[in-house]
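Engineer: could you look at this predicted model? Sequence included:
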Amino acid sequence: WRRLSTKGHAPQSVIGQDSAQVLGQSYPRDDFTNVTPKILEKVGRNLHNQSHHPLWLIKERIKAHFYSSYIGRSGNPLFSVHDNLSPVVTTEQNFDSLLIPPGHPSRKRGDNYYLNRTTMLRAHTSAHQTDLVRSGLDAFLLAGDVYRRDEIDASHYPVFHQMEGVRLFSNRQLFSRVQNGGELSLFERGGRRSPEKQETHTLEAVKLVEFDLKRTLTQLVSYLFGADLEIRWVDCYFPFTHPSFEMEVRFQGDWMEVLGCGVMEQELLNSAGAGDKLGWAFGLGLERLAMVLYSIPDIRLFWSQDERFLKQFRVQDIHQPVCFQTLSKYPPLHNDISFWLPNGKESEAGRESFTENDFYELVRSIGGDLVEKVSLVDNFTHPKTGRRSHCYRIIYRHMERTLTQQEVQRVHQQIEQAAESELGVQGRF
Ligand code: FA5
Ligand code: MG
């Protein structure tokens with residue numbers, strides 16, 4: 001609520017004559033290189049990791065749901081969460097590890113951002129599936145920025161965010177709750193691939209995995225949107241899952257696809273060292289969910305640095321409902337406030353007797369929605385007395401009408417009085 005979005009501290013990414021510098025690494029250019037400066041500006045922004053950004057908020061809600069619903073045998077969360085993997089991946093990770101064959105249309109230069117022939121900005125979070133499974137994880141969530149060459153309109157942007165989920169099951173884990181489960185197996189020899197299943201899987205194992213996958217995702221969206229949301233499952237195709245499905249939700253009278261998922265291809269698990277297990281995987285679009293959940297009309301708004309956008313998501317509790325209001329066209333008014341801080345003595349607890357956050361809290365409690373932004377504009381120490389003074393600028397703006405000087409003055413004076421009586425500061429009003 002109180003600060004402008006923290007800018008990423010990632011090293012700047014640029015494209016030069018001979019190489020691209022991305023997140024502090026250099027990649028030699030070749031005939032495949034097609035990243036642009038505009039796209040590289042977005043690398044390292046990590047919107048999903050910026051506190052109170054709507055994508056962060058929805059990621060936190062998803063994490064909270066998984067942490068509380070799926071608990072391991074020793075009381076630990078079953079799913080580990082990964083949100084800091086570099087978006088720079090090899091074409092092997094993005095395609096080959098997922099059984100996407102050479103020459104497959106999804107590899108087209110026109111659809112992806114290549115740093116060179118062997119390195120690219122990931123086109124989906126699935127690029128990390130194999131590595132995380134190989135590292136020994138049985139259940140994980142993974143959030144990250146993904147890059148696809150695409151047009152820009154209200155629902156398409158070349159950079160968006162996905163959350164991947166994977167869960168693996170051993171024979172015991174899958175069948176332990178089934179009567180006489182000990183007699184069932186995950187795998188069969190000489191089986192045939194059919195619309196229902198892969199050749200090596202037993203039908204009973206696949207049906208349980210598919211059921212667990214759909215139940216997990218249905219519970220997730222009912223947790224996010226309430227049980228009233230209409231959803232439907234559509235059969236589809238991915239090279240790395242079979243069977244595969246998309247979930248669609250009803251949004252503004254139309255069906256909108258929010259995620260793809262399926263039973264993981266056994267060949268992928270075999271090559272990742274988990275050949276004794278079956279698994280499901282899903283990949284969902286965080287923007288798509290956030291747009292439905294918060295009624296955000298345009299995907300470009302996620303990149304906005306406008307306080308009027310960002311402040312709407314600065315809720316105390318991540319479960320508090322947020323309904324996005326379109327940005328006000330009405331003009332802002334600003335008013336400054338300066339005061340001497342209480343004497344620099346520290347309280348017994350070793351805490352400062354005045355903190356900036358106390359003041360922000362106070363402004364919010366009095367000014368409510370009229371306050372768009374508060375910022376510290378001057379911090380002054382008197383050369384002789386050593387007393388410190390702060391000056392804050394408060395920007396007032398109403399969503400639905402033009403504020404008058406008079407009504408802003410009233411609120412501003414209340415803030416001045418409360419600052420003196422509650423925070424022990426001395427006004428220089
Ligand atoms: C994939 O990216 C697969 N990796 C998903 C997957 C993971 C399948 C694991 C099976 C197992 P797809 O391209 O359909 O699939 O994208 C997945 C989701 O990302 C979509 O359902 C949608 O919510 C979101 N998405 C895709 N393209 C865009 C876009 N241009 N803008 C915003 N969101 C998008
Ligand atoms: Mg799709």
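Structural biologist: That came in fine, so what should we check first? Numbers count the residues shown, from 1 in each chain. Ligands and ions are numbered 1, 2, ... in the order given.
Engineer: when you work out contacts or count neighbours from here on, use the C-alpha atoms and nothing else.
Structural biologist: Will do.
Engineer: so does the longest helix seen in the chain get close to ligand 1?
Structural biologist: Secondary structure of the chain per DSSP state H: the longest helix is helix 203-225. No - shown here: helix 203-225 not in contact with ligand 1 (Cα under 6 Å from any ligand atom), separated by at least 10.7 Å.
Engineer: what distance separates that helix from the centre of its chain?
Structural biologist: 22 Å (Cα atoms, centre = their mean, to the nearest Å).
Engineer: what sits up against it?
Structural biologist: The contact list for helix 203-225, computed with Cα atoms under 8 Å, 6 or more residues apart in numbering, reads 61-62, 65, 174, 184-187, 196-197, 228-229, 262-263, 278-281, 293.
Engineer: avg pLDDT for it?
Structural biologist: Averaging pLDDT along helix 203-225 yields 96.
Engineer: CA-only coordinates of it in PDB, if you can.
Structural biologist: Extracted C-alpha coordinates of helix 203-225, given in PDB (Å, rounded to 0.1, in the frame of the first residue of the first chain):
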ATOM      1  CA  LEU A 203      -6.500 -48.500 -16.600                       C
ATOM      2  CA  GLU A 204      -7.300 -48.600 -12.900                       C
ATOM      3  CA  ALA A 205      -4.100 -46.700 -12.100                       C
ATOM      4  CA  VAL A 206      -4.700 -44.000 -14.700                       C
ATOM      5  CA  LYS A 207      -8.300 -43.500 -13.700                       C
ATOM      6  CA  LEU A 208      -7.200 -42.900 -10.100                       C
ATOM      7  CA  VAL A 209      -4.500 -40.400 -11.200                       C
ATOM      8  CA  GLU A 210      -6.900 -38.700 -13.500                       C
ATOM      9  CA  PHE A 211      -9.600 -38.500 -10.800                       C
ATOM     10  CA  ASP A 212      -7.000 -37.100  -8.300                       C
ATOM     11  CA  LEU A 213      -5.900 -34.500 -10.800                       C
ATOM     12  CA  LYS A 214      -9.400 -33.300 -11.600                       C
ATOM     13  CA  ARG A 215     -10.400 -33.200  -8.000                       C
ATOM     14  CA  THR A 216      -7.300 -31.300  -7.000                       C
ATOM     15  CA  LEU A 217      -7.900 -28.700  -9.700                       C
ATOM     16  CA  THR A 218     -11.700 -28.400  -9.100                       C
ATOM     17  CA  GLN A 219     -11.000 -27.900  -5.400                       C
ATOM     18  CA  LEU A 220      -8.400 -25.200  -6.200                       C
ATOM     19  CA  VAL A 221     -10.800 -23.200  -8.400                       C
ATOM     20  CA  SER A 222     -13.700 -23.500  -6.000                       C
ATOM     21  CA  TYR A 223     -11.400 -22.300  -3.200                       C
ATOM     22  CA  LEU A 224     -10.400 -19.300  -5.400                       C
ATOM     23  CA  PHE A 225     -13.800 -18.500  -6.900                       C
END
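Engineer: which SSE is immediately downstream of it?
Structural biologist: Next in sequence after helix 203-225, counting helices and strands by DSSP states H and E, comes strand 231-238.
Engineer: strands paired with the helix or strand that that next one is followed by, and their directions?
Structural biologist: Under the assignment DSSP H and E, the closest C-terminal helix or strand after strand 231-238 is strand 241-251. Its sheet considered, strand 241-251 pairs with strand 231-238 (antiparallel), strand 254-264 (antiparallel) by DSSP bridges.
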